[in-house]
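# Need a 3D model of the sequence below.
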Amino acid sequence: MDSQHRPSPDSEQQTTSRKQKRGIGGIGWAVIGAIFFGSLLAIGILPRLGQKSELQAAVKEASTVPSVNVITPRRATGATKVELPGSVVALNQTTIYARSTGYLRRWYADIGDRVRAGQLLAEIDSPDTDQQVLQAKAEVVQAQANVSQTRANLAKSISDLKQARANLLIARQSWERWQVLVKQGAVPQQDADTKYATYQANLASVEAAQNTINSDSANINAAQASAYASQANFQRNIVLQSYKKVTAPFAGVITARNVNTGVLISAGNGNTSTSNTNTSNSNSSLYTIAAYDNLKVNVSVPQSLSQSLQTGQTAQITVRELPQRVFTGKVVRSSNAIDPTTRTLLTQLEVQNSDATLRPGMYANVKFAINRANPPFVVPDSVLVVNAGGTQVATVTKDKTVHYQKVAVGRDYGTEVEITSGLTGNESLIATPTVDETEGLRVQPVAETK
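Coordinates of the predicted model:
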């Protein structure tokens, strides 16, 4: 029974071999599955681990490199309006001086009076000048009498010359006849010699008369020159006498009167009295007069705008005391030289003032409309750094380091300023630089949003 059911050795070995084969196949599949799932995990995890590592490195770098807000400069518009302070001055203003010495007889114009050209302003009593005129006139009369006398002398000399020539002709003819008679023996030689002596005497008389005429001619020229000089001196004194009446050189307004009746005035450097204080002082001027119809406005234009202004360009002129009036001025000239102290160009505008509303000495605002061919850049004023090196801006270079660039500042708009030189427009400017952003510092730029 037992022998029948007990398996044979050969069958046991086969059974064992089949079991071993089944066991090895299961482990292999398990290993393959583990490798497969491990690969999938590696594919998913490794990139995440790399990204995590990069993120940690970036966080670490961000924690050590400071961030700064940066902006880009913008180009200003070509057309702009510029308002500058100006000073109103008279187009034609002069101080009137005395040219005649004497006492002031009377004055006819006071400060604020409008006068016309040639109008009488004052009269000077000058007896010395009157006497000089009379003396000069007498010298003219005397010089003219000398000319008449020398002319009479010349006429007499001409008459004497004619007579001498006639006598010479007769004496020559007589001597020639006596020579013939001497040869014929009719008369002695002594009588012929007497005729020859008479001829020589008449010849000398002719030469003397000719010399007298030459001398008289020279005397006439000298007398005429003296007469011309006397006449010129007389005319000079007449002109000086006319200066006794002080007149206005042009139409305008009297802005100062420095004379009073009875004051002694010396030509060019007289002592006058001031009408406002009634005290004597040394002042050679009598009046100051200014033309009000046309006025000038002097404006100091900054160097950055000097090339944009042209002769003939118009501008609007306003005065704070006249808020309802806008005057139009025209650029007529400039100094063509920049003031090295203020770096400005003195420019003059002409403005019509027929109603005399504007007055010399007023402060005015002058507004120009300017078209700039190469407008500057505009940046916030917070980007500027002013130190011993001048005015600078902090820029962030391509390698993300700080670099300070020197710039030139133009117009100031309050919160913004113009940069006339030093920038190209492609810079990244630190919006609010601090002392921590030193030259060469590595930073992380962050574009500032508006």
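# ok, which stretches of the stretch 51-200 of the chain are helices?
Ranges of helices in the stretch 51-200 of the chain, per DSSP state H, counting those that start in this stretch, are 127-184, 189-242.
# which stretch among these comes nearest Lys81?
With CB to CB as the measure, helix 189-242 is the member of the helices of the stretch 51-200 of the chain nearest Lys81 (53.7 Å). C-beta coordinates here come from the backbone N, C-alpha and C atoms, glycine included.
# For Asn365, see how far away the residue nearest the centre of the chain is.
Nearest residue to the geometric centre of the chain (CA atoms, centre = their mean): Ser335, 1.1 Å. Applying CB to CB, to the nearest Å, the value for Ser335 to Asn365 is 21 Å.
# Please apply the same query to Val68.
For Val68, the distance to Asn365 equals 41 Å [CB to CB].
# Can you name the next helix or strand after the helix or strand of the chain with the lowest mean pLDDT?
Across the helices and strands of the chain, mean pLDDT, DSSP states H and E gives its lowest value to strand 279-282, namely a mean of 40. The helix or strand immediately downstream of strand 279-282 is strand 285-302, counting by DSSP states H and E.
# Direction included, what does that following strand pair up with?
Here strand 285-302 is paired, per DSSP bridges, with strand 79-97 (antiparallel), strand 252-257 (antiparallel), strand 344-352 (antiparallel).
# Would you format these as JSON lines with mean neighbour count and distance to Leu154 included?
Listed next are the strands paired with strand 285-302 as JSON lines, based on neighbours: other CB atoms under 10 Å; distance: least, CB to CB, whole Å:
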{"stretch": "strand 79-97", "mean neighbour count": "17", "distance to Leu154": "48"}
{"stretch": "strand 252-257", "mean neighbour count": "20", "distance to Leu154": "56"}
{"stretch": "strand 344-352", "mean neighbour count": "19", "distance to Leu154": "63"}
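# Mean pLDDT and distance to Asn221 added to these, as a markdown table?
As requested, those are exported to a markdown table (pLDDT from 0 to 100; distance: least, CB to CB, whole Å):
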| stretch | mean pLDDT | distance to Asn221 |
| --- | --- | --- |
| strand 79-97 | 88 | 39 |
| strand 252-257 | 90 | 49 |
| strand 344-352 | 93 | 54 |
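# Quick one: those as CSV, columns for distance to Lys330 too.
Output for these, formatted as CSV (distance: least, CB to CB, whole Å):
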stretch, distance to Lys330
strand 79-97, 12
strand 252-257, 21
strand 344-352, 6
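# Which of the ones you listed sits closest to Asn211?
Of all the strands paired with strand 285-302, the one in closest proximity to Asn211, counting by CB to CB, is strand 79-97 (54.3 Å).
# Now for the residue nearest to Val407 when sequence neighbours are not counted: which residues touch it?
Counting by CB to CB, 6 or more residues apart in numbering, the nearest residue to Val407 once its immediate chain neighbours are dropped is Gly422, at 3.3 Å. With contact set as CB atoms under 8 Å, 6 or more residues apart in numbering, Gly422 has these partners: Val393, Gln405, Lys406, Val407, Ala408.
# Which phi and psi values does Gly422 adopt?
Note on Gly422: its backbone torsions stand at phi 110, psi -10 [degrees, to the nearest 10].
# Distance of it relative to Gln131?
For Gly422 relative to Gln131 (CB to CB), the value is 76 Å.
# Ser421 is in contact with Val409, correct?
No: the pair Val409 / Ser421 is not scored as a contact, 9.4 Å apart, by CB atoms under 8 Å.
# more crowded one of these two?
Counting neighbours by other CB atoms under 10 Å for Val409 and for Ser421 shows that Val409 has the greater number, 19 against 12.
# Who are the contact partners of that one?
Leu384, Thr391, Val417, Glu418, Ile419, Thr420.
# one more time with 6 Å
By CB atoms under 6 Å, 6 or more residues apart in numbering, the contact set of Val409 is Thr391, Val417.
# In contact with the closest residue to Leu384 other than its chain neighbours, which residues?
In space, Leu384 comes closest to Thr391 once its chain neighbours are excluded; the distance is 5.9 Å by CB to CB, 6+ apart. Contact analysis of Thr391 by CB under 6 Å, 6+ apart lists Leu384, Val407, Val409.
# from these, which is closest to Leu104?
Val409 (58.3 Å).
# per-residue confidence for the closest one?
The model reports Val409 with a pLDDT of 88.
# Likewise for Met362?
91.
# Look up how far Pro73 lies from the closest residue to it other than its chain neighbours.
Nearest residue to Met362, sequence neighbours excluded (CB to CB, 6+ apart): Val88, at 4.1 Å. Noted for Val88: a distance of 38 Å to Pro73, by CB to CB.
# Ok, Pro360 next?
44 Å.
# Mind checking which of these two has more residues around it?
Taking neighbours as other CB under 10 Å, Pro360 and Pro73 compare with Pro73 leading, 21 against 18.
# ok, so what distance separates the more buried one from Ser334?
Pro73 is 31 Å from Ser334, by CB to CB.
# cool, Gly268 as well?
35 Å.
# neighbour count winner among these two?
Neighbour totals were compared for Gly268 and Ser334, and Ser334 leads with 16 against 11 (other CB under 10 Å).
# Test my guess that the more buried one contacts Leu349.
No: Ser334 is beyond contact range of Leu349, at 10.0 Å (criterion: CB atoms under 6 Å).
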